[in-house]
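In: I need the structure of the sequence given here:
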Amino acid sequence: MHHPKKVRAWQARRSLALPVDSQHITLGLCVAQDGAAGIWSPSALASAELAVAELNQRNGIAGRQVRLVCFNACDESPNFEEELLRAIDSHGIEALVGMHTSAVRERIVQAVGGMLPYVYTPLYEGGEVTPGVFTLGETPAQQLRPAIDWLSRHEKAKRWLFVGNDYVWPRVSNRLAQTYVEQSGGVVLDSVYLPFGTQDFSAVLDRLQSLQADAVLVSLVGQDAIAFNRQFGHAGLSRRAVRLSCAIEENILMGIGSDKTEGLYVAASYFANLQTDANLSLQERFSACHGLRAPMLNALGQSAYEGMHFIAAMFDQNLHLPEHWSHIAKRNLPYQSARGASYMGNHFKNAPIYMARAHGHQFQVVTRF
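Out: Numbers count the residues shown, from 1 in each chain. Alright, predicted model coming up:
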């Protein structure tokens, strides 16, 4: 994170070079458009565009029409931070919304942390304390703790294998998950971490069989999750072990294939087929905005929609300035959300958590925690 003096100098330079546009507000949207996490890009972009259209149909944000500048926040991009800094200056961007991996979040925080509001929208490992960074997604205590306990009781899941990509979210989440497994009377037999882009999981599957694991926590991203679950199903391991994930959504489910999803559970605060008034309304507006070829709504994509409305709530209530950042959690800030969520601080979000089981290409909610 930047030092306070550097942040103040940067803000002073911006105020001299780029006076605030009284008619428009420019927001930056950071989404991985390729790489392992690129599968989430179409739904995230479409969801953010819907939010911008809704805001502009009303009064914009604090009376200013919203403009959106998109960045390819790909893990594999070596110069993303430099491009982001240049664009923030040249476009006069006043806030960022990010729907990408925690590894990219850490890079963004190093580059611009404390300079402007940055809303990070997907589920994450918890622990973000940088001033001006606001996390909207669920944390392991909300998702994994009740899900592991439920699987222990209902599926007799006791012997766990953890597999994830090798970065901060899987590693931190899995350390917490090990505690939850032990609290439920189970044991973690092994944890395996693999680089982005891994496509051959035969060694992991062999390890699972040799250890006689009966449950797998899958913390793989995007295309990697598709490859792992395809190979898991092809090996016939669904009869031996249940799978649990917090980041598998409708797009990944379709990529896995309907014949390879048996015994796959997901804990999340949003599913596309939730029969709530708020979600049915969102689905209708999303279809009206993007037509019959609209991307599939899902937990990660729609979080970008929430991020835009969260920014609007901050500006509308004059909470976007650095001197007000520490007060936002105390306000229990409400914002437009298909989950019925509100912000209570980076440590906890007021949102429902559902446990769903994959049934072909659909999720069927089995309980709400």
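In: For residue 228, which non-adjacent residue is spatially closest?
Out: Counting by Cβ to Cβ, 6 or more residues apart in numbering, residue 201 is the residue found nearest to residue 228 once chain neighbours are left out, at 4.8 Å. Every residue, glycine included, has its C-beta placed from N, CA and C.
In: Check whether that neighbour really touches residue 229, as I assumed.
Out: No. At 9.2 Å, residue 201 and residue 229 do not qualify as touching, with contact defined as Cβ atoms under 8 Å.
In: Who has more neighbours out of those two?
Out: Neighbour comparison, residue 201 and residue 229: the larger count goes to residue 229, with 27 against 22 (by other Cβ atoms under 10 Å).
In: In contact with the more buried one, which residues?
Out: Contacts for residue 229 (Cβ atoms under 8 Å, 6 or more residues apart in numbering) come out as 218, 243, 248, 252, 256, 260, 261, 264.
In: Most neighbours among those, which one is it?
Out: For those, neighbours tallied by other Cβ under 10 Å; top is residue 248, 29 neighbours.
In: who's in contact with that one?
Out: Contacts were defined as Cβ under 8 Å, 6+ apart; by that measure residue 248 touches 218, 225, 229, 256, 264, 266, 358.
In: follow-up on the earlier one: could you dump the contacts of residue 229 into a markdown table and include distance to residue 132 and secondary structure?
Out: Listed next are those as a markdown table, based on distance: Cβ to Cβ, whole Å; DSSP: H, G, I helix; E, B strand; the rest coil:
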| residue | distance to residue 132 | secondary structure |
| --- | --- | --- |
| 218 | 32 | strand |
| 243 | 37 | strand |
| 248 | 31 | coil |
| 252 | 31 | helix |
| 256 | 37 | helix |
| 260 | 42 | helix |
| 261 | 40 | coil |
| 264 | 37 | strand |
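In: sorry, back to before: now the residue nearest to residue 228: phi and psi?
Out: Main-chain torsions, residue 201, degrees, to the nearest 10: phi -110, psi 20.
In: Stretch 123-135: which residues count as buried?
Out: Of the residues in stretch 123-135, those scored as buried under the neighbour-count criterion (16 or more other Cβ atoms under 10 Å) are 123, 124, 125, 126, 128, 130, 132, 133, 134, 135.
In: what's it in contact with?
Out: Counting contacts by Cβ under 8 Å, 6+ apart, the residues outside stretch 123-135 that touch it are 1, 102, 105, 109, 113-121, 137-141, 143, 168-169, 172-173, 176, 246-247, 268, 299-300, 310, 314, 322, 325-326, 328, 343, 346-347, 349.
In: Let's see which of the buried residues of stretch 123-135 end up in strands.
Out: Using DSSP state E, the members of the buried residues of stretch 123-135 that fall within strands are 133, 134, 135.
In: Just to be sure, residue 30 is in a strand?
Out: Yes. When DSSP: H, G, I helix; E, B strand; the rest coil is applied, residue 30 is found to be in a strand.
In: Report the contact partners of the residue lying closest to it once chain neighbours are set aside.
Out: Residue nearest to residue 30 in three dimensions, not counting chain neighbours: residue 73, with 3.8 Å by Cβ to Cβ, 6+ apart. When contacts are counted by Cβ under 8 Å, 6+ apart, residue 73 touches 30, 31, 32, 80, 98, 99, 100, 104, 108.
In: what bridges to the closest residue to the fifth one other than its chain neighbours?
Out: In space, residue 98 comes closest to residue 30 once its chain neighbours are excluded; the distance is 4.2 Å by Cβ to Cβ, 6+ apart. Counting by DSSP bridges, residue 30 forms beta bridges with residue 71, residue 98.
In: burial count for residue 30?
Out: Counted with other Cβ under 10 Å, the burial measure for residue 30 works out to 27 neighbours.
In: That one reaches residue 95, doesn't it?
Out: No. Between residue 30 and residue 95 no contact is recorded; they are 11.3 Å apart, counting by Cβ under 8 Å.
In: what ranges do the helices span in the chain?
Out: With DSSP state H as the definition, the chain shows helices at residue ranges 4-17, 41-57, 80-91, 102-112, 140-154, 168-183, 202-211, 222-234, 250-256, 277-290, 299-316.
In: Select, out of these, the one closest to residue 65.
Out: Ranking the helices of the chain by proximity to residue 65 (Cβ to Cβ) places helix 41-57 first, at 5.3 Å.
In: Taking helix 277-290 as reference, get the angle to the closest one.
Out: Helix 41-57 runs at 90 degrees relative to helix 277-290, counting by axes from the mean of the first three to the mean of the last three Cα atoms, to 10 degrees.
In: measure the most centrally placed residue in the chain to residue 241 for me?
Out: Centroid check for the chain by Cα atoms, centre = their mean gives residue 122 as the closest residue, at 1.7 Å. Residue 122 sits at a distance of 26 Å from residue 241 (criterion: Cβ to Cβ, to the nearest Å).
In: Name all residues that make contact with the residue lying closest to residue 85 once chain neighbours are set aside.
Out: Counting by Cβ to Cβ, 6+ apart, residue 85 lies nearest to residue 111, which is 6.0 Å off, once chain neighbours are set aside. Applying Cβ under 8 Å, 6+ apart, one finds that residue 111 lies in contact with 81, 84, 85.
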